[in-house]
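>>> pasting a predicted model and its sequence here:
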Amino acid sequence: MAVNPAAAASGETREGGPDGLPGGGRPEAPPPAPGRNQAFEVDPRFTPMYRVERGLFVTALWAWFRPRVTGREHVPQTGPVILAPVHRSFADFSFAAFCTDRKLFFMTKDEMWKHKALGRLLLTVGAFPVHRESADREALQRAEEVLRKDQVLVMFPEGTRRQGPVIEDLMEGATFLSARTGAPIVPIGIGGSDLAMPKGKLIPKPLRIEVVIGPAIAPPPRTGGGRVSRSAVHAATEALVPQLQAVYDEAKERTGRY
């Protein structure tokens, strides 16, 4: 999910500006899209429905992909945290469930909400829609609410699915939210998902997936006045690139297929 660079002025902003976005500018109003104005609630409880849904989901993933996870100790057990996986496959979001036993909350592309029944199901598992073509104020507010309530947010720094082995041109949404809430960012490499379920493929191949979790990254520093500069957010985003690249390279190497 991207914070619109055009709306982000350089220099210091107070908590991201008076409108809650970098630079204080007004966000671009997203066009009408599925999932708008859903009654989303940050519910940290493991309700019976959530337990059943997560259990079925994880069991199916385990049977199909047999994921191996390295570095689970890097995910904080308490407090707000942003899980930041690489994004090469539609299936990537699902492997966050193997990174921690904590409840997860997701930004999900709003196209998934075209069907009302699916939208209701997504709400019960902690998902909320994001319009990816603009600075989505509603999605940003919900993401910040998740972190303010000391929960786990899954967010792709690349914004959308990419191709190839190189991590580059990250969006600034993850570091922006990290700066606003104090949540550390945990980089996650996923190896093999692009081979198991490349873009355009509906049924994935049953290939083993390797997940590598890197050390948590502290949020960008604040000034003495409690502000976070636009340049600090940009620098933190640039610093995330090699750390995400490192865990992605290791995850791919562990698959033995590249």
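Yep, that arrived. Numbering: from 1, shown residues only.
>>> when you work out contacts or count neighbours from here on, use the C-alpha atoms and nothing else.
OK.
>>> which residues of the stretch 151-258 of the chain score low on pLDDT?
224-226 (pLDDT under 70).
>>> how about 80 then?
222-228 (pLDDT under 80).
>>> that one: strands as residue ranges?
Ranges of strands within the stretch 151-258 of the chain are 152-154, 185-191, 210-213, 228-229, based on DSSP state E, counting those that start in this stretch.
>>> could you look up the SS state of the residue nearest to residue 126 when sequence neighbours are not counted?
Nearest non-adjacent residue to residue 126, counting by Cα to Cα, 6 or more residues apart in numbering: residue 105, 4.5 Å away. In three-state terms, and counting by DSSP: H, G, I helix; E, B strand; the rest coil, residue 105 is strand.
>>> now do residue 83
Classified using three-state DSSP, residue 83 is strand.
>>> and it, what are its bridge partners?
residue 154, residue 186 (DSSP bridges).
>>> does it touch residue 154 like I think?
Yes. Shown here, residue 83 and residue 154 form a contact pair, counting by Cα atoms under 8 Å, at 4.7 Å.
>>> between the two, which has more neighbouring residues?
residue 83 (28 against 24; other Cα atoms under 10 Å).
>>> list the contacts for the more buried one?
By Cα atoms under 8 Å, 6 or more residues apart in numbering, the residues touching residue 83 are 96, 152, 153, 154, 155, 185, 186, 187, 188.
>>> with distance to residue 233 added, can I get those residues in CSV?
Formatted as CSV, the contacts of residue 83 follow (distance: Cα to Cα, whole Å):
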residue, distance to residue 233
96, 24
152, 20
153, 18
154, 19
155, 16
185, 13
186, 16
187, 16
188, 20
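>>> circling back: joint contacts of residue 83 and residue 154?
Listed contacts common to residue 83 and residue 154 are residue 96; contacts here mean Cα under 8 Å, 6+ apart.
>>> now residue 72. Its backbone dihedrals?
The phi/psi pair for residue 72 (degrees, to the nearest 10) reads phi -60, psi -30.
>>> could you pull up the residues touching the closest residue in space to it that isn't next to it in sequence?
Take residue 72 and drop its neighbours on the chain: the residue closest to it by Cα to Cα, 6+ apart is residue 99, 5.6 Å away. Each residue near residue 99 by Cα under 8 Å, 6+ apart is listed here: 69, 72, 75, 213.
>>> what about the residue nearest to residue 126, distance to residue 94?
11 Å (Cα to Cα, to the nearest Å).
>>> please identify which of these two sits among more neighbours.
Ranked by neighbour count (other Cα under 10 Å), residue 105 and residue 94 place residue 105 first, with 25 against 14.
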